[in-house]
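Asks: pasting the sequence and the predicted model now:
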Amino acid sequence: MKKSDITYLAGCAFSAAVSIFYCCAIFFGIKVPRYYPTLHEWKWVNEKGIPSQAWYGMQGFAYITGGIVAIAVYIACRRAGSKEIELKGGTIKGAALATLSVILAAMGYILFHEFHRWGTI
């Protein structure tokens, strides 16, 4: 497999994994650091009555775990794939469509969660 093919697959895995892990942070209520702009502090707890932003922590969680998945895919493809293996056009399109499907599903879930949370649905 060519290095560009491996990089492409790792990029697809990264994009999909970031979307999935961001949704996991929301769905499972994973504790992430929260920023309190009025206090100029970061805390692990959600203090009631004080505005805070968990978005930064969820993004960090999603990008770090997505990076771990991408590195794992990259290493697995380098070890498993010989130089003679070439990705076919259908495989590349399939990976792109699968990645886009995961991203769109994650965006749909995030929109539903936020609109439901703020009472607009």
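Replies: Thanks, I have it.
Asks: put the alpha carbons of stretch 40-60 into CSV.
Replies: What follows is stretch 40-60, C-alpha atoms only, in CSV (Å, rounded to 0.1, in the frame of the first residue of the first chain):
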residue,chain,number,x,y,z
HIS,A,40,-10.9,32.6,34.6
GLU,A,41,-10.4,29.1,35.9
TRP,A,42,-10.6,25.5,34.7
LYS,A,43,-12.4,22.9,36.9
TRP,A,44,-13.4,19.3,36.6
VAL,A,45,-16.8,19.9,38.3
ASN,A,46,-19.9,21.6,37.0
GLU,A,47,-20.7,24.2,39.5
LYS,A,48,-24.4,25.2,39.4
GLY,A,49,-25.2,28.8,39.0
ILE,A,50,-21.9,29.8,37.4
PRO,A,51,-21.7,29.8,33.6
SER,A,52,-19.1,27.4,32.2
GLN,A,53,-17.9,26.0,28.9
ALA,A,54,-17.4,22.3,28.5
TRP,A,55,-16.9,22.6,24.8
TYR,A,56,-13.1,23.0,25.1
GLY,A,57,-12.8,19.9,27.2
MET,A,58,-15.0,17.9,24.8
GLN,A,59,-13.0,19.0,21.8
GLY,A,60,-9.8,18.1,23.5
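Asks: got the buried residues for it?
Replies: By neighbour count with 16 or more other CB atoms under 10 Å, stretch 40-60 contains the buried residues S52, A54, G57, M58. For the C-beta atoms, the positions are set from N, CA and C on the backbone; glycine is no exception.
Asks: could you do stretch 102-111 as well?
Replies: V102, A106, Y109.
Asks: ok, those residues vs K83, which is closest?
Replies: The closest of the buried residues of stretch 102-111 to K83 turns out to be V102 (CB to CB; 29.3 Å).
Asks: not counting its neighbours along the chain, what's nearest that closest one?
Replies: A16 (4.2 Å; CB to CB, 6 or more residues apart in numbering).
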